[in-house]
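Peer 1: Have a look; sequence and predicted model below, questions after that.
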Amino acid sequence: MHPMLRVLVLGMCLLLLAGCGVTKPSRFYLLTPTTETGATTRLEVAIGVGPVALPEYLDRSEIARRAGDNQIKYAGTHRWAEPLKVSFSRVLSENLATMIPTEQVVIFPWARAIPIDYQVTVVVTGYEADESGYISLATNWQIIRTDDTTVIARRMTSYRETAASTDYADLVTAQSRALASLSWDIVKAIRAEISKAGP
């Protein structure tokens, strides 16, 4: 091999190795439940959470961010620590248990033998940040009284939160706040139904 060609090949190999050495490690994030509590008296009411549905563009490990009206960017090294649908369902159930409050909250699917008073189903139509750090959560949800399958509440709601920065940890914190706002709306509807039903 010609000496100059050998030097060129060696240089290219060194560049490739250097590029491999600067790969950023992945970071993993979780939604977190709220610490806000509702009434102090616990209610003997059983809530079933789910199914929760997400659009396919959100149902992946990379965190999605909106770039303009019709473009989505995925953060390759910023990932959900568990599937977003699982995290959303888990945190929603923990929020409801704290806010109602009740110790009887289960996540879909649950065993037939478990008695459920109200089932909460959620269709998420949007749940991401834009490039300025604004979080949007758009949902369609309903609450079903399970003893007669009556829909006692059906809502189309949207929530907007401002993250402290465009850092992914702050964005996920803001997403958790948006989920807490949804949780409060669901709790208000359940408590209104319980009050209407009486003791």
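Peer 2: Perfect, I can see it now. Residues are numbered from 1 along each chain as shown.

Peer 1: where in this structure is pLDDT low?
Peer 2: 1-23, 198-199 (pLDDT under 70).

Peer 1: Give me the residue at the spatial middle of it.
Peer 2: Residue closest to the average C-alpha location in the chain (Cα atoms, centre = their mean): Phe88, at 3.6 Å.

Peer 1: Distance check, it against Thr40.
Peer 2: 27 Å (Cβ to Cβ, to the nearest Å). All C-beta spots, glycine's among them, are computed from the backbone N, C-alpha and C.

Peer 1: and after the host helix or strand of Gly126, which helix or strand comes next?
Peer 2: Assigned by DSSP states H and E, Gly126 belongs to strand 118-129. Per DSSP H and E, the first helix or strand lying C-terminal to strand 118-129 is strand 134-145.

Peer 1: Is it correct that the residue nearest to the centre of the chain falls within a helix?
Peer 2: Yes: with DSSP: H, G, I helix; E, B strand; the rest coil as the criterion, Phe88 is part of a helix.

Peer 1: and the nearest residue to it once chain neighbours are set aside, how many neighbours?
Peer 2: Distance criterion Cβ to Cβ, 6 or more residues apart in numbering; nearest residue to Phe88, sequence neighbours excluded, is Val52 at 5.5 Å. With neighbours defined by other Cβ atoms under 10 Å, the count for Val52 comes to 23.

Peer 1: so is Val52 in a helix, a strand, or just coil?
Peer 2: strand.

Peer 1: give the contact list for the nearest residue to Val91 once chain neighbours are set aside.
Peer 2: Leaving out its chain neighbours, the residue that sits closest to Val91 by Cβ to Cβ, 6+ apart is Leu31, at 4.6 Å. Shown in contact with Leu31 (Cβ atoms under 8 Å, 6 or more residues apart in numbering): Ser87, Phe88, Arg90, Val91, Val172, Gln175, Ser176, Leu179.

Peer 1: ditto for Pro55
Peer 2: Val124, Thr125, Gly126.

Peer 1: just Arg160 next, same as before
Peer 2: Contacts of Arg160 by Cβ under 8 Å, 6+ apart are Tyr134, Ile135, Ser136, Leu137, Ala178.

Peer 1: just checking, what's the longest helix in the chain?
Peer 2: helix 168-197 (DSSP state H).

Peer 1: between that one and strand 134-145, how big is the angle?
Peer 2: 30 degrees (axes from the mean of the first three to the mean of the last three Cα atoms, to 10 degrees).

Peer 1: Next, the buried residues of helix 168-197.
Peer 2: 168, 170-184, 186-187, 189-191, 193 (16 or more other Cβ atoms under 10 Å).

Peer 1: Show me what it is packed up against.
Peer 2: Packed against helix 168-197 by the contact rule (3 or more Cβ pairs under 8 Å, 6 or more residues apart in numbering; DSSP states H and E) you find strand 27-29, strand 62-66, helix 84-99, strand 118-129, strand 134-145, strand 150-162.
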